[in-house]
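Asker: With the sequence up front, the predicted model follows.
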Amino acid sequence: QVQLVESGGGLVQPGGSLRLSCAASGFTFYANTLAWYRQAPGKERELVAGITSTFNTNYADSVKGRFTISRDNAKNTLYLQMNSLKPEDTAVYYCGTGPGSRVINYWGQGTQVTVSS
């Protein structure tokens, strides 16, 4: 079955960096679109970044220039490099896969990112 396992979250000060990872199994990783979403308390889950099987990427305006999504098909792993973190980036971050970055069929369990001094 499809499994997505996020890691790399934690507590970081404003201006700091984190790299999230998502280890995938149970599907044809290289052929699928993958995405990172986040959900802050009291808010809806929102798309952060997506990457297609041909390595095309898209980002939310709020993270452009600060976050970078990438994938390693040899390791079946998705990454999110987050730089210049802000308190408003605080959320649970989820990786997902589906036909498109806005059409997600499978989710990971999430990893908490907290940006605070």
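Answerer: That came in fine, so what should we check first?
Asker: what about residue 43, distance to residue 71?
Answerer: Using Cβ to Cβ, to the nearest Å, residue 43 is found at 26 Å from residue 71. (Glycine included, C-beta is placed from N, CA and C.)
Asker: Just grab the bridge partners of the most centrally placed residue in the chain for me.
Answerer: Centroid check for the chain by Cα atoms, centre = their mean gives residue 36 as the closest residue, at 2.7 Å. For residue 36, the beta-bridge partners under DSSP bridges are residue 49, residue 95.
Asker: Report pLDDT for it.
Answerer: With respect to pLDDT, residue 36 scores 98.
Asker: How about the contacts made by it?
Answerer: 20, 22, 47-50, 69, 78, 80, 93-96 (Cβ atoms under 8 Å, 6 or more residues apart in numbering).
Asker: Rebuild those as a markdown table, extending it with neighbour count and pLDDT.
Answerer: Compiled in a markdown table, the contacts of residue 36 are given as follows (neighbours: other Cβ atoms under 10 Å; pLDDT from 0 to 100):
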| residue | neighbour count | pLDDT |
| --- | --- | --- |
| 20 | 24 | 98 |
| 22 | 25 | 98 |
| 47 | 17 | 98 |
| 48 | 25 | 98 |
| 49 | 23 | 98 |
| 50 | 22 | 98 |
| 69 | 23 | 98 |
| 78 | 28 | 98 |
| 80 | 26 | 98 |
| 93 | 23 | 98 |
| 94 | 22 | 98 |
| 95 | 29 | 98 |
| 96 | 22 | 97 |
